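A.B. asks: sequence and predicted structure below; questions after.
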Amino acid sequence: MKKKIHINQHVIRANKKNNTTDPVITVKTSKSNVYANEVEILGKSKLIYRPDKPLACGARVWIETNEKVILDQEKIIE
């Protein structure tokens, strides 16, 4: 399953403003969005910058992979 991983700048700003630590990394699949503070990619991946064609969420830079990822050292997305 393809995964697109990006950083949510809005959450970074909100964390700074509110002195919080909400997860800022988003892992998008065809089924869901999952949020984390740490993501480990177990295999090949590709870093993409597309300023003229961002993701629907507005991200212009993201990582794509079909490999397994581990979120926050515990949750696995195949």
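C.D. replies: Yep, it's here.
A.B. asks: only C-alpha atoms for contact and neighbour calcs from this point on.
C.D. replies: Fine.
A.B. asks: okay, strands next: where are they in the chain?
C.D. replies: Assignment of strands within the chain using DSSP state E yields the ranges 3-7, 25-28, 33-36, 39-42, 46-49, 61-65, 68-71, 75-77.
A.B. asks: of the ones you listed, which shows the lowest average pLDDT?
C.D. replies: Note on the strands of the chain: strand 75-77 shows the lowest mean pLDDT, a mean of 92.
A.B. asks: show me what it is in contact with.
C.D. replies: With C-alpha atoms under 8 Å, 6 or more residues apart in numbering as the test, strand 75-77 has contacts from 68-71.
A.B. asks: now for the residues you listed: which two are most distant?
C.D. replies: 68 and 71 (10.0 Å; C-alpha to C-alpha).
A.B. asks: just the strands of the chain: most buried one?
C.D. replies: Using mean count of other C-alpha atoms under 10 Å, the stretch among the strands of the chain with the greatest mean number of neighbours is strand 3-7 (a mean of 22).
A.B. asks: what strands line up against that strand, and which way round?
C.D. replies: Under the criterion DSSP bridges, strand 3-7 sits next to strand 25-28 (antiparallel), strand 61-65 (antiparallel) in its sheet.
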